[in-house]
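Asks: How does the following fold in three dimensions:
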Amino acid sequence: MASSSGNDDDLTIPRAAINKMIKETLPNVRVANDARELVVNCCTEFIHLISSEANEICNKSEKKTISPEHVIQALESLGFGSYISEVKEVLQECKTVALKRRKASSRLENLGIPEEELLRQQQELFAKVSEAMLVLMRLE
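Replies: Okay, the predicted model is just below:
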């Protein structure tokens with residue numbers, strides 16, 4: 001696994017993301033700041049552990065890219081096998097979302113209108129809306 005500049009402090013999950021997850025998971029519970037920091041550190045360490053193990057599995061199979069299967073094998077080998085069914089469900093959801101995005105993107109490409117032209121049309125519509133808002137404000 002490639003190393004960063006050597007400073008593990010750079011390798012943390014954004015606190016805002018952790019705060020949001022905590023709030024969504026436990027909406028009616030207050031969590032102390034040091035407890036939030038501990039959760040950030042635990043999440044970071046868990047990701048490091050899983051990704052390191054997945055990298056070793058990837059290298060042993062003489063691959064250059066860690067695949068979802070490597071991550072699943074890493075979970076199993078590290079004793080987190082109970083998470084695998086949920087991980088597979090999330091992986092399937094991710095694939096479904098990615099497929100929908102690709103289809104939407106190809107639909108946009110199939111319109112035959114260059115992206116620059118679509119952007120110009122969008123900006124034109126924004127300008128018209130702004131003008132309409134100014135007129136409405138004057139009428140009030």
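Asks: can you give me the helices for this structure?
Replies: Assigned by DSSP state H, the helices in the chain fall at 15-25, 33-60, 68-77, 84-110, 115-139.
Asks: Mean neighbour count, those helices: which tops it?
Replies: Compared across the helices of the chain, helix 68-77 shows the largest average neighbour count, a mean of 18 (mean count of other CB atoms under 10 Å). C-beta here means a position set from N, CA and C on the backbone, and glycine is covered the same way.
Asks: residue ranges with poor pLDDT in this structure?
Replies: 1-10, 107-110, 140 (pLDDT under 70).
Asks: Show me how it divides into domains.
Replies: 11-79, 82-139 (the TED database).
Asks: Give me the contact list for stretch 86-103.
Replies: The contact list for stretch 86-103 (CB atoms under 8 Å, 6 or more residues apart in numbering) reads Pro68, Val71, Ile72, Leu75.
Asks: Tell me the one among the residues you listed nearest to Gln121.
Replies: Closest approach between those and Gln121, by CB to CB: Pro68, at 39.1 Å.
Asks: For Ala98, see how far away the residue nearest to that closest one when sequence neighbours are not counted is.
Replies: Leaving aside its chain neighbours, Pro68 sits nearest to Leu91 (5.3 Å; criterion: CB to CB, 6 or more residues apart in numbering). Distance, Leu91 to Ala98, using CB to CB, to the nearest Å: 11 Å.
Asks: can you check Ile57 too?
Replies: Ile57 sits 23 Å away from Ala98, going by CB to CB.
Asks: any idea how far Tyr50 is from Thr44?
Replies: That one is not Tyr; residue 50 is Ile. 11 Å.
Asks: Ok, Ala74 next?
Replies: 16 Å.
Asks: picking that back up, state the distance from the residue nearest to Pro68 to Arg102.
Replies: Counting by CB to CB, the gap from Leu91 to Arg102 is 17 Å.
Asks: How about Glu53?
Replies: 30 Å.
Asks: now swap in Ala32 and tell me
Replies: 43 Å.
Asks: for Leu26, same thing?
Replies: For Leu26, the distance to Arg102 equals 36 Å [CB to CB].
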